[in-house]
Structures are given as structure tokens and as C-alpha cells.
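S.K.: Based on what follows, work out the 3D shape:
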Amino acid sequence: MKRRRFPLLVAAAASVLSISLTAFTPSPDADGSPAGSSTEGTEFRRDPNDPAAVKGFLERQRAAPKQHKCNTSRAGHRKRVRRNGPTRWCIERIDPARAPKAPARSKIKRNAADPTPPQALCSKKPGQTNYDRFHACYEDTGRILNEDTGAVAGIFRWDVWATLSAKNPTWLMQAGVTVTSMSAELFEAAPWFVASLDCPQNQCEKPTPVKKRIFPNTYTYYELPTSIPGEGSIRYTNPTIILTLNTDHAWPGDGAAHPVDDPFNVRCDKETYIGGHGCVFYMGNAAAAIFSIDYANADTKYGDYREVVKHNLYAIEVRDNLKHYGHINYGNPLHRIDPNKIDANRRKVCTPAFQQKASSLGLSCDEYPYASSEEGGTTSLRRSCAFLPGPQNSAHGNALENVLYKPNRILPSLDEGGKHIQGDPYWVWVTNAPPKEKIPTVKQCDLY
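M.R.: Prediction:
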């Protein structure tokens, strides 16, 4: 049977996971600032009907399901099959470190057409969902118990993963299950695993459950297409896969069905300033996009902005010697700000006097943290202000908008009726950078 195909992630241009930091439209103003940053009458603002405006909404979305433990309390008293009915089976999670050694992957039988999970992401930390902006994966190990005797009848491992698209609200929830050992008793019971999809309050489309027979040392693949229903501009869901054990010749116990992964926290939006209709994983810093800029060769189709990159590196590594905002190794990302606050942020650092001075020198004023971040506009002495070539400042703004913001659907903060929703987090990663002790000093605005 031909497998149904769904659009998946379209790779971000310039091979980066991206994020936009200053501009809402690509064309530059005369001073080198991206056009559209003016706050007067702007239409570029987050939908105030975002469900995240409700207190505790996102926290409730992130609640993990409780892992089930099999009930084998009576097993020590009567190690025998029930006389009044068939054997009862149960599945539960176990610590992968305590599981018997699995056969080599080359020894596992599998259909060559079945996809495999993104192993590096899945194995990053078993037992929890690992994220980037468009990918998520959960890997774990479980066992099948005879509930009446407490005997271990099988060991299995599984991966649950999904790839979202910045341009499509439909995606696949995928799962791969491998039974690495199976007792003769369980084999004779003719076991099946049924994979079904669940999410709270019907916040996702629930496809028909997929039932497949399981065999020892065999990889079994499941795919469950889904999307977020409804008409809201910004919507959230956290689908999880339920794995159910069925058999032809035995009776599933009370623990034969339970969630096998933490919920995948998905947000889909149709915000017009990002364009189209797409989805991202929004789970905090782990899913934050990364703006990757090259210290040695920041000359792209949007122009050369090497001096801006040098300023960014100096500001992050040297000038900000406490928080290092934007540097992934220090854990303090930047967050996109409400566009109505960008100009005020900019004027706090690139003051009108500094802007006039820069213009008289044929340059433009550049600040870090970015004026379009919630961390920008700070009066802290650790912020950085430099005079740089205007065309480079403009090229940087264009790259941020077209390579970073839009492909990663970065939503700004929202301040509505006294409520505040933090903007999406992101990292700034400078590649090919010199060691910290060799980073050149960037002259500050107040020294001109």
C-alpha cells in the first residue's frame, strides 16, 4: 500500500536554524536600520488572542503523562498462571541502563522502506523529549511483564519523533518499536502493539490507530498523520503516542496501554508578518532557533556584514562578562520583542546624539543586545554600542529578516491589557571565531 506523504521541514536557507533580531521588513531606512521598525500604526504585532495569554496555559500544555508501573504485587504469592482465565500482560518503562544488552542494529530485521529516527537527537538524553526548532524525538526502553507471575516476558525499545514544517500545519507523528527479547510464552500469545495518538481537549486531529504484530529482534514502524484543527491564528497542542499491547491468545492487563513519550509541545500560527501557515516546537530554550553567523565570511546574498558579526562577538564574549546574552553555552537567550518597543529600545543605546554623530562620520549606530530583543535597550554598562558601516548594518538586518525570523516563525512578545507574553527565545552563534583572548576590541560610541 502506498504510504501517504505529508510536507515536512523545508531547510532554512544558508544551512542555519535561524532567528530574526531587528527587522520586520527587509528594505533598509536611510540610517541603516531595517524598515518597518517604526512603531507608529504598525500592523506587525502578535495576535492578542494567543491562548498563551491565559495564565498557566503553556505550563498546562507541558505537563508530562504519569508513567505506569505494572501491578505484580500478588506475583510473589502465586507464581502461576491464573486458573480462572488467560495470562495477563502489562508494559512499563525501565531504566535503559538496566536493560539487557540489545542486539546490534545490523542484527535487527526491518523493512528497508521504513524510515529511522534522527538518532543523534533521539539518543541525546533517553527518557525525555529532545528538541530543536523543527524536530523532536523521545527514546526509551520498556518491558513486558506477566502480571500474574511477575516474570519478564519481553524487552523493547522505542523512538517517537516528529518533523514540523515552517510552511505547513500538517505533520507525521512517527514511532519505531523494536522488541529485543521475547519469551516463548509471549511469542505463543501472538502479541500486537497498537499505536494511537492522543492530545488534551481534542487539540489535534486523531488518526486511526495503527495495529501491527511484533516479533523478536524486529523493527516495527508506525506513522500517525496529524494537525491542529481550528481557525485561531495561534494554536497549541501537545500530542503523545499511546502504545497498547494486545494478544491473540492472552488477556492484556490493566497496564497494557499507556503513553510512551512526553508530550511534544507544538505551536502553529498564521501570523501575516511571518507568512504562510506553519508550526514549530516551542518548548523553551531547547527549541530556540540559532542564528549562525560566520566571523570570517559573513558575506551573503544580502551583502557583507562582517563588521556587525565582529561587534556581536565582542559584545557577547567580552563586553557582557556576566550574562553573555545570546550565547548558548551560558543559557541566557535573547527574546524577540514587541515591535512597538523597538524604537524606544534603540534610542536608549543608540541615542539621537550617537546617531547624529555616527551619521556625521558616514557610519550608523549598532547596538547589542539587539533593539528588537527584550534584552535590548538596557542601560547596563555591559551593553555594547558601536559605529559601523551603514550598508553592513542594512545587510545584517536583511539577513535577519529573510534567513532567520521568517523561516523559524519567531513570534515577538505581546503586551495586551496588562498581560505579557514573552517573545520567542533564540541564540546567536558566531562560527570560525577567534579565541576569547584574541577577540579584537570594538570601539564604543561614547569614545568618538
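S.K.: quick one: low-confidence ranges for the stretch 151-300 of the chain?
M.R.: 253-254, 298-299 (pLDDT under 70).
S.K.: where exactly do the strands run in it?
M.R.: For the stretch 151-300 of the chain, the strands defined by DSSP state E, counting those that start in this stretch cover 152-163, 170-182, 191-198, 210-213, 218-227, 234-237, 240-247, 251-252, 257-259, 266-269, 278-281, 289-294, 299-300.
S.K.: helices and strands around the longest one, which ones?
M.R.: Other elements packing on strand 170-182 under the criterion 3 or more Cβ pairs under 8 Å, 6 or more residues apart in numbering; DSSP states H and E are strand 152-163, strand 191-198, strand 218-227, strand 240-247. In this view, the C-beta of every residue, glycine as well, is placed from N, C-alpha and C.
S.K.: do the third one as well
M.R.: In terms of contacts (3+ Cβ pairs under 8 Å, 6+ apart), strand 191-198 is packed against strand 170-182, strand 210-213, strand 218-227, strand 240-247.
S.K.: Over to the first one?
M.R.: Secondary structure elements in contact with strand 152-163, counted by 3+ Cβ pairs under 8 Å, 6+ apart, are strand 88-94, helix 119-122, strand 135-146, strand 170-182, helix 184-188.
S.K.: Look up how far A371 lies from A353.
M.R.: 16 Å (Cβ to Cβ, to the nearest Å).
S.K.: State the mean pLDDT of the helix or strand where V308 lies.
M.R.: Secondary-structure assignment from DSSP states H and E places V308 in helix 306-314. In this model, helix 306-314 has an average pLDDT of 96.
S.K.: now do stretch 405-423
M.R.: 88.
S.K.: in that stretch, what counts as buried?
M.R.: 405-414, 421, 423 (16 or more other Cβ atoms under 10 Å).
S.K.: Now the closest residue in space to F193 that isn't next to it in sequence, what are its backbone angles?
M.R.: Using Cβ to Cβ, 6 or more residues apart in numbering and skipping the chain neighbours, the partner closest in space to F193 is I214 (5.3 Å). The phi/psi pair for I214 (degrees, to the nearest 10) reads phi -110, psi 150.
S.K.: just checking, I214 touches S181?
M.R.: No. Contact between I214 and S181 fails when scored by Cβ atoms under 8 Å: they sit 11.7 Å apart.
S.K.: And the closest residue to S123 other than its chain neighbours, how far from A189?
M.R.: Spatial nearest neighbour of S123, excluding adjacent residues (Cβ to Cβ, 6+ apart): E139 at 5.9 Å. As judged by Cβ to Cβ, E139 and A189 stand 26 Å apart.
S.K.: In contact with the closest residue to A296 other than its chain neighbours, which residues?
M.R.: Excluding the flanking residues, the one nearest A296 by Cβ to Cβ, 6+ apart is N432, at 4.4 Å. Counting by Cβ atoms under 8 Å, 6 or more residues apart in numbering, N432 touches 294-297.
S.K.: Pick out the most distant pair among these.
M.R.: Across the contacts of N432, the longest distance by Cβ to Cβ is 8.0 Å; it joins Y295 and N297.
S.K.: Now do the shared contacts for those two.
M.R.: With Cβ under 8 Å, 6+ apart, Y295 and N297 have common neighbours 306, 432.
S.K.: quick one, which of A353 and A371 is more surrounded?
M.R.: Using other Cβ atoms under 10 Å, the more surrounded residue of A353 and A371 is A371, with 25 against 11.
S.K.: What pLDDT is listed against the more buried one?
M.R.: Looking at A371, its pLDDT is 91.
S.K.: And Y368, by the same measure?
M.R.: For Y368, the predicted pLDDT is 96.
S.K.: and the gap between it and N340?
M.R.: 21 Å.
S.K.: In the beta-sheet assignment, what are the partners of the closest residue to L313 other than its chain neighbours?
M.R.: In space, L313 comes closest to V430 once its chain neighbours are excluded; the distance is 4.6 Å by Cβ to Cβ, 6+ apart. Taking DSSP bridges as the rule, V430 bridges to I293.
S.K.: wait, what's in contact with the residue nearest to P200 when sequence neighbours are not counted?
M.R.: Among residues not flanking P200 along the chain, N238 sits closest, at 6.9 Å (Cβ to Cβ, 6+ apart). Under the criterion of Cβ under 8 Å, 6+ apart, the neighbours of N238 are 61-62, 199-200, 203, 263-266.
S.K.: so what's the residue nearest to Q203 when sequence neighbours are not counted up against?
M.R.: Spatially, and ignoring its direct neighbours in sequence, Q203 is nearest to T237 (3.9 Å; Cβ to Cβ, 6+ apart). Counting by Cβ under 8 Å, 6+ apart, T237 makes contact with 61, 199-200, 203-204, 228, 266, 268.
S.K.: of the strands of the stretch 151-300 of the chain, which approaches F44 most closely?
M.R.: Nearest of those to F44, taken as Cβ to Cβ: strand 266-269 at 13.4 Å.
S.K.: List of residues touching stretch 412-426?
M.R.: For stretch 412-426, contacts defined as Cβ under 8 Å, 6+ apart pick out 19, 21, 44-48, 50, 52-53, 282, 284-285, 288-291, 326, 333-341, 372-374, 404, 408, 410-411.
S.K.: thinking again about what came up before, in a markdown table, list the helices and strands packed on strand 170-182 along with distance to G362 and mean neighbour count.
M.R.: Shown next, in a markdown table, are the helices and strands packed on strand 170-182 (distance: least, Cβ to Cβ, whole Å; neighbours: other Cβ atoms under 10 Å):
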| stretch | distance to G362 | mean neighbour count |
| --- | --- | --- |
| strand 152-163 | 47 | 23 |
| strand 191-198 | 59 | 20 |
| strand 218-227 | 52 | 20 |
| strand 240-247 | 57 | 20 |
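S.K.: show me where the stretch 301-448 of the chain has strands.
M.R.: So, for the stretch 301-448 of the chain - with DSSP E, counting those that start in this stretch - the strands run 303-304, 334-335, 364-368, 384-388, 414-416, 419-421, 425-431.
S.K.: what number of residues lie near P48?
M.R.: Applying other Cβ under 10 Å, we find 14 residues neighbouring P48.
S.K.: so which helix or strand takes in it?
M.R.: Short version, using DSSP H and E: P48 is in no helix or strand.
S.K.: Pull up the gap between the residue nearest to the spatial centre of the chain and L121, please.
M.R.: The centre of the chain sits closest to A287, judged by Cα atoms, centre = their mean, with a distance of 3.0 Å. Distance of A287 to L121, given as Cβ to Cβ: 12 Å.
S.K.: All set, thanks.
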